[in-house]
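> please find the sequence and the predicted model below.
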Amino acid sequence: MNKVYKALLEQLQARKQELIALESHISPDKIQNLDLGHGDDMDIAESIVEQEMSITMKLRSSQELMLIDEAIEKIHKGRYGICESCERVIENKRLKARPFVKYCIECQEEMERNNEESASSGPTPQFGKLE
Ligand SMILES: [Zn+2]
């Protein structure tokens, strides 16, 4: 196996363990058993914020976990590091920065550009202009 991919595989597996540990830390009963019968409004508001954060974190980590699994599978199948859109080889530099990236930089930029166009609601605010 390619040395770079081997190192990335180890990195991905380590990250996967980390996420699994994180997910088990965010237990389902912590999310569901919200007791609204006690405490004042501040406590309730805090619990709700905490609950939403847990859900967001869980969602994000399970999405990441999915991407990691896909990447690990691709490494084993010898399909890793190939853009899913144009099938060109993704630079090692890019893979090291984002090990579970699916597309080459050109395709990624192209997609982001399309997303911006479809989601745009007027011009992007410009920073650095004080007038
Ligand atoms: Zn591509």
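All right, it came through fine. Numbers count the residues shown, from 1 in each chain.
> residues in contact with residue 13?
Residue 13 is in contact with residue 72, counting by CB atoms under 8 Å, 6 or more residues apart in numbering. (C-beta placed from N, C-alpha, C; glycine too.)
> one more pass at 10 Å, please.
68, 72, 75 (CB atoms under 10 Å, 6 or more residues apart in numbering).
> for the strand or helix carrying residue 64, give the mean pLDDT please.
Element membership for residue 64, per DSSP states H and E: helix 41-77. Average pLDDT, helix 41-77: 89.
> quick one: list the elements packing against that helix.
Using 3 or more CB pairs under 10 Å, 6 or more residues apart in numbering; DSSP states H and E, the elements in contact with helix 41-77 are helix 3-25, helix 28-32.
> please list the residues of the chain that sit near the ion.
83, 85-86, 104, 107 (CB under 5 Å from the ion).
> cutoff 6 Å now
83, 85-86, 88, 103-104, 106-107 (CB under 6 Å from the ion).
> need those in a markdown table (columns: pLDDT).
Shown next, in a markdown table, are these (pLDDT from 0 to 100):
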| residue | pLDDT |
| --- | --- |
| 83 | 96 |
| 85 | 96 |
| 86 | 97 |
| 88 | 96 |
| 103 | 95 |
| 104 | 96 |
| 106 | 96 |
| 107 | 97 |
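> among those, who's most crowded?
Each of the residues of the chain next to the ion was scored for neighbours by other CB atoms under 10 Å, and residue 104 scores highest at 21 neighbours.
> can you tell me which residues contact that one?
81-91, 94, 110.
> switch to 6 Å and redo it
83, 88, 90 (CB atoms under 6 Å, 6 or more residues apart in numbering).
> so which of those is the closest to residue 5?
residue 90 (11.1 Å; CB to CB).
> between the contacts of residue 13, which is nearest residue 5?
Nearest member of the contacts of residue 13 to residue 5, counting by CB to CB, is residue 75, at 5.6 Å.
> give me the domain ranges for the protein.
1-80, 83-119 (automatic domain parsing).
> check which helix or strand the closest residue to residue 105 other than its chain neighbours maps to.
Leaving aside its sequence neighbours, residue 105 sits nearest to residue 94 (CB to CB, 6 or more residues apart in numbering; 6.1 Å). Using DSSP H and E, residue 94 maps to helix 92-97.
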